[in-house]
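**Q** curious how this folds, go ahead:
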Amino acid sequence: MDPNTGRSRGFGFILFKDAASVEKVLDQKEHRLDGRVIDPKKAMAMKKDPVKKIFVGGLNPEATEEKIREYFGEFGEIEAIELPMDPKTNKRRGFVFITFKEEEPVKKVLEKKFHTISGSKCEIKVAQPKEVYQQQQYGSGGRGNRNRGNRGSGGGGGSQGSTNYGKSQRRGGHQNNYKPY
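**A** Next comes the predicted model:
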């Protein structure tokens, strides 16, 4: 479905129980659906980028980079640790981003949703690009917003009493491209 109009985009996907059924469909010369000739094709899986970055929420801002590196280094080799700062107070925020060199450590870390690091119960999630996170926060996507006029809240956060007048809100003062979902 088109998220803007709510109308069908003119294609769909069917998951068959066994692969032989797919071949039967493709072997048949002509297919009709609701009086229209349709052209079935085998769907191709999209190549996903490997997931190497995680979000660690609920972390005590006093936890040192060494302690974080020591804990997560047990899962695999760490490429980078981002320790976001609050621009107003210039103090560390209660979350970090960790990028591993490989995808496998991320899978191992995510086997448990919560980890205790430096005395804090922390929630671990796959890091999401900032744009994805903001779409989920402000509802500027199709899901459930079809009859909303200008979709979303114009990016200004509207009801928070801000005086940004249509400017996007800055969520956190750090410059990376990832936020939790």
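**Q** could you measure from residue 55 over to residue 64?
**A** From residue 55 across to residue 64, the span is 19 Å (CB to CB, to the nearest Å). Glycine gets a C-beta too; all of them are placed from N, C-alpha and C.
**Q** who's more crowded, those two?
**A** Counted by other CB atoms under 10 Å, residue 55 and residue 64 do not tie: residue 55 has more neighbours, with 21 against 10.
**Q** wait, the more buried one sits on residue 130?
**A** No. Counting by CB atoms under 8 Å, residue 55 does not reach residue 130; the two are 11.5 Å apart.
**Q** residue 43 - how many residues pack around it?
**A** Neighbours of residue 43 using other CB under 10 Å come to 10.
**Q** in contact with it, which residues?
**A** residue 13 (CB atoms under 8 Å, 6 or more residues apart in numbering).
**Q** mind checking pLDDT for it?
**A** In this model, residue 43 is scored at 84, pLDDT.
**Q** and for residue 19?
**A** Reading off the model, residue 19 has pLDDT 85.
**Q** for residue 39, see how far away it is.
**A** Noted for residue 19: a distance of 20 Å to residue 39, by CB to CB.
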